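Novice: quick one, structure for this:
(chains A and B, ligands or ions: 2)
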Amino acid sequence: MNRFNPDMTGEPAVELNAVSLRYDTADEVLSDVNIRLRPGSFTFLTGASGAGKSSLLKLIYLAHAPTRGEVRLFGQSTGMLKRRQLSALRRRIGVVFQDFRLLEHLTSFENVALPLRVLGQKPEQYRDEVADLLRWVGLGERMHALPQSLSGGEQQRLSIARALINKPNLLVADEPTGNVDPEMGKRIFRLFVELNRRLNTTIIIATHDLGLIREFEAPVLRLQHGLIVQDVEHQPA
Amino acid sequence: MPKPTPLLPESDAREAALFFVVAALCFLAVLATLTARGTYTAARAWSAQVEGEMTVRLSDTDRRGAEEAATIIRGMSGVRSADVLSQEDLERLLEPSFGPGGIPAGVPMPLLIAVETAPNSVTTALAITNALTAQGFNAVAESHADYAAEARSALGTLRVAAIGIVVLLTATAIAVIAFATHAALLARKDIVDVLHLAGAEDRFIAQLFERRFWTLGLKAGAAGSVAALAATALIIFSAQSSASQNQLLPQLSLDFWDLVILAVTPIAAGLAARLAAGGTVNHALKAVL
Ligand SMILES: Nc1ncnc2c1ncn2[C@@H]1O[C@H](COP(=O)(O)OP(=O)(O)OP(=O)(O)O)[C@@H](O)[C@H]1O
Ligand SMILES: [Mg+2]
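Specialist: Numbering: from 1, shown residues only, chains lettered A, B, ... in the order given. Ligands and ions are numbered 1, 2, ... in the order given. This is a model prediction of the structure:
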């Protein structure tokens, strides 16, 4: 067992059973996908552009329902849940979007604080926490800057900070190093590894940066035309 | 610690346009209500005043005959007074038609008796006509309340029309706000999506829009209300300052209930805006997972 797979027992944090996805009337984007991510695991998702990585992650962070099959999170079948229960599940998931999705009229500080405001927390409660996290991702000096005045890499780190502020049980990151130089990419990945070890956060990262994948030697799911063609984690040792 | 920035960005040009539309609708609704109420109140006061007043018109007789007729009428039950109108009374009555110069010589002058009866008196215009006819007079009595009844039924129609207008304006305002919320929701889809995926419940997101549109409705309603107050004051002022038309125009004035309407309108507009916004957002959110 490697350091990324601590909990071999218990319910999977993420489980996709025979999942297919079709947008509108187009062809299937995902076909019969079966995945299990153990709590505290660290997994890479890779594949060519258009293979369906972002689509698969959308199913996991509950932005989309599968056309067929079952998505289970933390032992709950999401298709059965009420809207409020889905909202409660989403609060346990941190998402780093491929396109950041920062709110342009809020400062860095306020963007990171957003998930806490959703929980009803007041500025006095989250001030220090948000400032600490911003310093941790290297944005201590840019706390009151608006997103459009940040560089691509800074925006990326900001969106990572927003995904982490809630101490999620599950972190879903879509190309989190797409806009940064290799050195910053490595720093970001180390940050994820630290999170995974310290808080036992389950992490799945979509990336086509093979260099980083090799360096961090975590299990890899490879998508090709909507099919999982390589599942390192599930292969016999 | 400064107050956090609102999750929905501050108002834009679209909201300024919406503000104007809601304010204008409130202005029209208040003006319609006040005018209808003022007219109706004035008419009611007038018809209450003429209740029990009659005029008896005599022909083929002279002033002495008229005095006799008046005496007969006074003898009937429930009659408070019956007076033959003097030449001066007639001239004053007909002044609007003939001007202050008086009635030209040669114009045949009717003989009129003004009769006043107690409220709910059994003596009707018909009873007076019959009594005088029986005594050999050529007389016709007319109750003023008959005119009032016509005016009252016309005013009843006016009131229904006014209520219809207010209902229509309110419905229009709600529809416009629902439409605007939809546009705002589309324009802020990025924000709504991020909040939704961060685990915000529908109620949380709806509240952002509800609060925004409640404030907008409140302010726009207040603006419309104040403008309507100013317009009403202007109408009253100009009506009172042009003395010749004083009697024809309804006696517009502001009473307690008018002030209540002025005060309630902004709140009603705010609530309507809030309702329309909340409904629209909740409906739109149901469409996403
Ligand atoms: N909302 C959508 N509606 C319709 N088709 C979509 C939608 N989102 C993605 N697709 C299609 O689904 C397929 C998979 O897209 P997806 O974004 O999941 O790929 P990806 O592996 O993340 O690619 P990339 O590496 O470029 O980010 C593509 O053919 C894309 O055009
Ligand atoms: Mg993608």
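Novice: show me the strands in the stretch 101-250 of chain B, by range?
Specialist: Assigned by DSSP state E, counting those that start in this stretch, the stretch 101-250 of chain B shows strands spanning B:111-117, B:138-143.
Novice: so the last one versus strand B:111-117, what angle?
Specialist: Taking axes from the mean of the first three to the mean of the last three Cα atoms, to 10 degrees, one finds that strand B:138-143 is oriented at 40 degrees with respect to strand B:111-117.
Novice: and strand B:138-143, how far out from the chain's middle?
Specialist: 34 Å (Cα atoms, centre = their mean, to the nearest Å).
Novice: the helix ranked longest in chain A - what's its average pLDDT?
Specialist: Secondary structure of chain A per DSSP state H: the longest helix is helix A:182-199. Helix A:182-199 shows a mean pLDDT of 88.
Novice: just the buried residues of that helix, please?
Specialist: Within helix A:182-199, the residues scored as buried using 16 or more other Cβ atoms under 10 Å in any protein chain shown are A:184-186, A:188-189, A:191-193, A:195-196. Placement of C-beta: from N, CA and C, glycine included.
Novice: possible to save those as CSV with distance to residue B:54?
Specialist: Shown next, in CSV, are the buried residues of helix A:182-199 (distance: Cβ to Cβ, whole Å):
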residue, distance to residue B:54
A:184, 101
A:185, 102
A:186, 106
A:188, 99
A:189, 103
A:191, 99
A:192, 99
A:193, 104
A:195, 97
A:196, 100
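Novice: can you list the strands of the stretch 101-250 of chain B in TSV and add mean neighbour count and mean pLDDT?
Specialist: Formatted as TSV, these follow (neighbours: other Cβ atoms under 10 Å in any protein chain shown; pLDDT from 0 to 100):
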stretch	mean neighbour count	mean pLDDT
strand B:111-117	21	86
strand B:138-143	18	84
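Novice: the residue in chain A that ligand 2 sits nearest to: what's it in contact with?
Specialist: Closest residue of chain A to ligand 2, Cβ to the ion: residue A:54 (3.0 Å). Under the criterion of Cβ atoms under 8 Å, 6 or more residues apart in numbering or on different chains, the neighbours of residue A:54 are A:98, A:174, A:206.
Novice: so of those, which ones are in strands?
Specialist: Assignment to strands by DSSP state E places the following of the contacts of residue A:54 there: A:174, A:206.
Novice: the longest helix of chain A - contacts with which helices or strands?
Specialist: If contacts are counted by 3 or more Cβ pairs under 8 Å, 6 or more residues apart in numbering or on different chains; DSSP states H and E, helix A:182-199 sits against strand A:42-47, helix A:152-164, strand A:170-174, strand A:202-206, helix A:210-216.
Novice: can you flag the weakest of the ones you listed by average pLDDT?
Specialist: Among those, helix A:210-216 has the lowest mean pLDDT, at a mean of 86.
Novice: got the angle between whichever helix or strand the residue of chain A closest to ligand 2 is part of and strand A:42-47?
Specialist: Using DSSP states H and E, residue A:54 sits within helix A:53-60. Angle of helix A:53-60 versus strand A:42-47, following the same axes, to 10 degrees, is 140 degrees.
Novice: now whichever helix or strand comes after helix A:53-60: mean pLDDT?
Specialist: As assigned by DSSP H and E, the chain's next helix or strand after helix A:53-60 is strand A:68-73. Averaging pLDDT along strand A:68-73 gives 95.
Novice: off-centre distance for strand A:68-73?
Specialist: Distance, stretch centre to chain centre, for strand A:68-73: 17 Å (Cα atoms, centre = their mean).
Novice: does it reach chain B?
Specialist: No: using Cβ under 8 Å from any Cβ of the partner chain, strand A:68-73 stays clear of chain B, coming no nearer than 10.4 Å.
Novice: what packs against that strand?
Specialist: Using 3+ Cβ pairs under 8 Å, 6+ apart: strand A:68-73 touches strand A:14-22, helix A:53-60.
Novice: the longest one: how far from the chain's middle?
Specialist: The reference is to strand A:14-22. Mean-position distance between strand A:14-22 and its chain equals 17 Å (Cα atoms, centre = their mean).
Novice: is that strand positioned near chain B?
Specialist: No: applying Cβ under 8 Å from any Cβ, one finds strand A:14-22 separated from chain B by no less than 12.3 Å.
Novice: what's the answer for stretch A:76-86, then?
Specialist: Yes: contact of stretch A:76-86 with chain B (Cβ under 8 Å from any Cβ) involves A:83-84, A:86.
Novice: endpoints of that stretch, how far apart?
Specialist: End-to-end distance for stretch A:76-86: 10 Å, by Cα to Cα, to the nearest Å.
Novice: do the same with stretch A:117-130
Specialist: In terms of Cα to Cα, the two terminal residues of stretch A:117-130 are separated by 12 Å.
Novice: what sits up against it?
Specialist: Stretch A:117-130 is contacted by residues A:91, A:109, A:112-113, A:116, A:165-166, B:1, B:4, B:7, B:195, B:198-200, B:204 when judged by Cβ under 8 Å, 6+ apart.
Novice: thinking again about what came up before, how about the helices and strands packed on strand A:68-73 in a markdown table, adding mean pLDDT?
Specialist: Converted to a markdown table, the helices and strands packed on strand A:68-73 look like this (pLDDT from 0 to 100):
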| stretch | mean pLDDT |
| --- | --- |
| strand A:14-22 | 94 |
| helix A:53-60 | 95 |
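Novice: pick the most deeply packed of these.
Specialist: helix A:53-60 (a mean of 23; mean count of other Cβ atoms under 10 Å in any protein chain shown).
Novice: work out the gap between it and the centre of the chain.
Specialist: Distance of helix A:53-60 from the chain centroid (Cα atoms, centre = their mean) equals 10 Å.
Novice: now swap in stretch B:231-239 and tell me
Specialist: Averaging C-alpha positions (Cα atoms, centre = their mean) puts stretch B:231-239 14 Å from its chain's average.
Novice: pLDDT on it, on average?
Specialist: What stretch B:231-239 shows for mean pLDDT is 80.
Novice: return the set of buried residues in that stretch.
Specialist: B:232, B:235-236, B:239.
Novice: what does stretch B:256-273 give?
Specialist: Buried, per 16+ other Cβ under 10 Å, within stretch B:256-273: B:258, B:261-262, B:265-266, B:268-270, B:272-273.
Novice: CA atoms of the longest helix of chain A as CSV?
Specialist: The C-alpha coordinates for helix A:182-199 follow below in CSV (Å, rounded to 0.1, in the frame of the first residue of the first chain):
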residue,chain,number,x,y,z
PRO,A,182,6.3,24.0,-13.9
GLU,A,183,7.8,25.3,-10.7
MET,A,184,4.5,26.7,-9.5
GLY,A,185,2.8,23.5,-10.7
LYS,A,186,5.0,21.5,-8.4
ARG,A,187,4.3,23.8,-5.5
ILE,A,188,0.6,23.4,-6.1
PHE,A,189,0.8,19.7,-6.2
ARG,A,190,2.9,19.6,-3.0
LEU,A,191,0.2,21.7,-1.5
PHE,A,192,-2.4,19.1,-2.4
VAL,A,193,-0.2,16.3,-1.1
GLU,A,194,0.1,18.1,2.2
LEU,A,195,-3.6,18.5,2.4
ASN,A,196,-4.2,14.9,1.6
ARG,A,197,-1.8,13.8,4.4
ARG,A,198,-2.7,16.3,7.0
LEU,A,199,-6.5,16.3,6.7
